[in-house]
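K.L.:
Give the three-dimensional model of this entry:
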Amino acid sequence: MATIPDSIWRNPVHFLAFGFGSGAVPKAPGTAGTLVAVALYLPLSALPVAVYALVLLGSFGLGIWLCGKTAADIKVHDHGGIVWDEFVGMWLTLFMVPEGWLWIVVGFCLFRIFDILKPWPIRWADKQVKGGLGIMLDDVLAGIMAALCIQAAVVLIG
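P.N.:
Below is the predicted model:
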């Protein structure tokens, strides 16, 4: 992974893109960012569905700008420490899941699997779409795929 720029502690845009600093950990910054996303999900889960959906949309739009600007500033496209995309992907994974830690843990595991392995179309988006949208899109697709798996499990389990 590229070195962690000192600017994440001085520049609020970089600080947010690096997941409030969680992306600065030396090992597995994506996992660290996803864990912080889970902690932030807990109060989000209490919101009405429509408000949660608006937060998701706003976070996605903000993320395109945050991640794109930070990547351009530090001159590293999709630096491993930029984890705002993990936040949004994880929040999307957990959107409308049943209550309980089991589903949160399942969502965390599924999201990380899809984010790391990048099956089609995630890998395509990761390779073909550039800039802030490209940084965000692969994690959003991973979140959608993880959410679909959870919803399928909910239907099958009954």
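K.L.:
For the helix or strand harbouring residue 72, which helices and strands make contact with it?
P.N.:
Element membership for residue 72 (DSSP states H and E) is helix 49-74. On a contact count with 3 or more C-beta pairs under 8 Å, 6 or more residues apart in numbering; DSSP states H and E, helix 49-74 meets helix 12-17, helix 84-93, helix 131-157. From N, CA and C alone the C-beta is placed, and that goes for glycine too.
K.L.:
So what touches the lowest-mean-pLDDT helix or strand in the chain?
P.N.:
Of all helical and strand segments in the chain, the minimum by mean pLDDT, DSSP states H and E falls on helix 122-128, at a mean of 93. The contact list for helix 122-128, computed with C-beta atoms under 8 Å, 6 or more residues apart in numbering, reads 78, 114, 115, 118, 134, 137, 138, 141, 142, 145.
K.L.:
doesn't residue 114 make contact with the last one?
P.N.:
Right, the one you point to is residue 145. Yes. If you go by C-beta atoms under 8 Å, residue 145 and residue 114 touch, sitting 4.9 Å apart.
K.L.:
Report the buried residues of stretch 145-155.
P.N.:
145, 146, 147, 149, 150 (16 or more other C-beta atoms under 10 Å).
K.L.:
Quick one: the residues you listed as JSON lines, columns for pLDDT and distance to residue 45 too.
P.N.:
Converted to JSON lines, the buried residues of stretch 145-155 look like this (pLDDT from 0 to 100; distance: C-beta to C-beta, whole Å):
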{"residue": "145", "pLDDT": "98", "distance to residue 45": "20"}
{"residue": "146", "pLDDT": "98", "distance to residue 45": "16"}
{"residue": "147", "pLDDT": "98", "distance to residue 45": "14"}
{"residue": "149", "pLDDT": "97", "distance to residue 45": "19"}
{"residue": "150", "pLDDT": "97", "distance to residue 45": "14"}
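K.L.:
Show me which of those is closest to residue 93.
P.N.:
Of all the buried residues of stretch 145-155, residue 146 has the smallest distance to residue 93: 4.2 Å, by C-beta to C-beta.
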